[in-house]
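Trainee: got a predicted structure plus its sequence, pasted below:
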Amino acid sequence: MSPARAETALGVPPLGRYSNAATIDWQPCPEDAAAQCGTMRVPADWTQPYGPSIELTLARRKAGDPKQRIGVLMVNPGGPGASAVNQALDTEYFGSEVERRFDIVGIDPRGVGRSAPILCAQDVVDAKPSPLVADEQEFGRLTDYNRKLAEDCASRSGPVFRQAGTGNVVRDMEAVRIALGEQRISFYGASYGSLIGQMYAERYPARLRALVLDSVMDHSADVNAFVGRTAESAQDSFDQFVAWCARDSQCALRGRDIKAIWGELVERARAGTLQDPYDPPSKLRVWELISAAFSAFYDPQWYSFAFYLKAAYEPTPAARRALPDLDLTPHSFPAVMCRDWSLPVGGWAGYRAMLGRLAVAAPQMLASPLALTAVSGCAGWPDPVADPQRPIPPATVPVLVVNARHDPATAYAWAKSVTGQLGPKARLLTYDGWGHVAYGHSDCVSAAADRYLTTLALPAAGATCPPVAPVPYGVG
């Protein structure tokens, strides 16, 4: 039996003996004394269990009704770079029945939040060139920058920097499960957290009771599918915004040709004359403009984005905001992405051709800023890929997959693909609305997920949830 298969069969971390396997130091959380915050040491490199170690930080809110307790629900909100500790401490995220029947446990993934965070110089992070490079010289500067960034972050972050991939995160999860004394866990993963859930299910299937994947990463996608599907999703979200503005009387641009306005804003950005309406007199580049749109599509924040475009198109004098003076900043994204994904572009010629294809697929958005950040950020990255893409094996427990049909970040096509890979035990619940991460946004989705977590009952095949229309901030 191979080491990986032995690990799966036994449900233990690779080279399972290490000095602090059963030790979690629990204390009341500073943010909420009713919750527990803990620390636990694990190997920085799981292939070297007696080498340098790192400290994980986790939070636990115990089940409200111990007599009806089902077990542990581990959670992760994605990123990569978001804090699972913060999610576990959020008493309003999960439904009352989930809160009543589960210990909710969030582990900040290694390199993130409170778990040996990867730190980089703020000025180096801020110097990142636009991924929308125009020529071979700019592409060379981009790859040189990536190597400089990696060197800077590695020098400030210790051994975690080169061991931040999701394969190690799931080993950490399994070590926590053992330390908690749980035979099996349930898991809710949103966005990039869905990849953590998939990889845990692959490596430790016997240790999983239930799995909710909300807004799904497809780790079988090659580089072309990775950037292509996400570009289509970003463009779809732009088109949905335009359609909404045409029908909602409170849209600040209603009755105007938004695509024409957008086109002029893009040309001003290319010429270096587009003023940032929220930070004048600084200028917006094309990259910042499409990134602002992409961020607005997450909730979605259509009302505020319409005002943003109007202010950019018809600027008025405003005082410049003071920017914070920071020396170091958390920045785990490339250290994780470039270990989890093989994203070769074939040098400048391949990258240029890729940008051309994406501009055709997404004429307004040009690309998915999130996906292009990943691909451009891994060009020239000095560390090898640890867990390259591969299809996920069929699930051994019922799995609930959830995705919005108009998700700007994780393509709906990815959710269908992952559901197919997981096989007959998986069920896709489609949220027929907009935005990224459906749980908590749609009561229908939340109820279905809560019911599944507590009873393991999946929705009917082909089930959908109706869209929830955005409302202006301060309303509803």
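Mentor: Everything's here; your move.

Trainee: got the phi and psi for the residue nearest to residue 63 when sequence neighbours are not counted?
Mentor: Setting aside the residues directly before and after it, residue 63 is nearest to residue 69 in space (Cβ to Cβ, 6 or more residues apart in numbering), at 4.1 Å. C-betas here are computed from N, CA, C, even on glycine. Its backbone dihedrals place residue 69 at phi -60, psi 130, with angles given as degrees, to the nearest 10.

Trainee: just the pLDDT at residue 69, thanks.
Mentor: On pLDDT, residue 69 comes in at 97.

Trainee: need the pLDDT of the residue most central in space within the chain.
Mentor: Nearest to the centroid of the C-alpha atoms of the chain, with distances taken as Cα atoms, centre = their mean, sits residue 79, at 3.0 Å. In this model, residue 79 is scored at 92, pLDDT.

Trainee: what's the closest non-adjacent residue to it?
Mentor: Counting by Cβ to Cβ, 6+ apart, residue 192 is the residue found nearest to residue 79 once chain neighbours are left out, at 5.1 Å.

Trainee: for residue 272, see how far away the residue nearest to residue 63 is.
Mentor: Using Cβ to Cβ, to the nearest Å, one obtains 60 Å as the distance from residue 69 to residue 272.

Trainee: which of the two has more neighbours?
Mentor: Using other Cβ atoms under 10 Å as the criterion, residue 69 and residue 272 rank with residue 69 on top: 14 against 9.

Trainee: so how far is stretch 80-94 off the chain centroid?
Mentor: 13 Å (Cα atoms, centre = their mean, to the nearest Å).

Trainee: what's in contact with it?
Mentor: Where contact means Cβ atoms under 8 Å, 6 or more residues apart in numbering, the residues beyond stretch 80-94 that reach it are 29, 31-32, 35, 37, 57-61, 73-77, 99, 102, 104-109, 112-114, 166, 188, 191-193, 330-333, 336-337, 440, 450.

Trainee: one more pass at 7 Å, please.
Mentor: Outside stretch 80-94, the residues that touch it by Cβ atoms under 7 Å, 6 or more residues apart in numbering are 29, 31-32, 35, 57-61, 75-77, 104-109, 112-114, 192, 332-333, 336-337, 440.

Trainee: buried residues, that stretch. List them.
Mentor: Residues of stretch 80-94 classed as buried: 80-90, 93-94 (neighbour count, 16 or more other Cβ atoms under 10 Å).

Trainee: what does stretch 245-257 give?
Mentor: Counting neighbours by 16+ other Cβ under 10 Å, the buried set in stretch 245-257 is 245, 251-253, 256.

Trainee: so where's the chain shaky on pLDDT?
Mentor: In the prediction, the chain carries residues with pLDDT under 70 at positions 1-22, 317-326, 473-476.

Trainee: can you map out the strands along this structure?
Mentor: Assigned by DSSP state E, the chain shows strands spanning 25-28, 36-43, 53-61, 71-76, 102-107, 119-121, 185-191, 208-216, 328-330, 399-406, 426-434, 464-465.

Trainee: would you mind giving those as CSV with mean neighbour count added?
Mentor: As requested, the strands of the chain are exported to CSV (neighbours: other Cβ atoms under 10 Å):
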stretch, mean neighbour count
strand 25-28, 11
strand 36-43, 21
strand 53-61, 22
strand 71-76, 25
strand 102-107, 26
strand 119-121, 22
strand 185-191, 26
strand 208-216, 26
strand 328-330, 16
strand 399-406, 25
strand 426-434, 23
strand 464-465, 20
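
Trainee: out of the ones you listed, flag the one nearest residue 302.
Mentor: Comparing the strands of the chain against residue 302 with Cβ to Cβ, the closest turns out to be strand 426-434 (8.3 Å).

Trainee: got the domain ranges for the protein?
Mentor: Residue ranges of the domains in the chain are recorded as 3-118+164-220+390-465, 122-159+332-378, 223-313, according to automatic domain parsing.

Trainee: how far does the shortest one sit from the chain's center?
Mentor: Read it as domain 122-159+332-378. Taking the mean C-alpha point of domain 122-159+332-378 and that of its whole chain, the gap between them comes to 17 Å (Cα atoms, centre = their mean).

Trainee: what is the end-to-end distance of that domain?
Mentor: According to Cα to Cα, to the nearest Å, domain 122-159+332-378 extends 19 Å from its N-terminal end residue to its C-terminal end residue.
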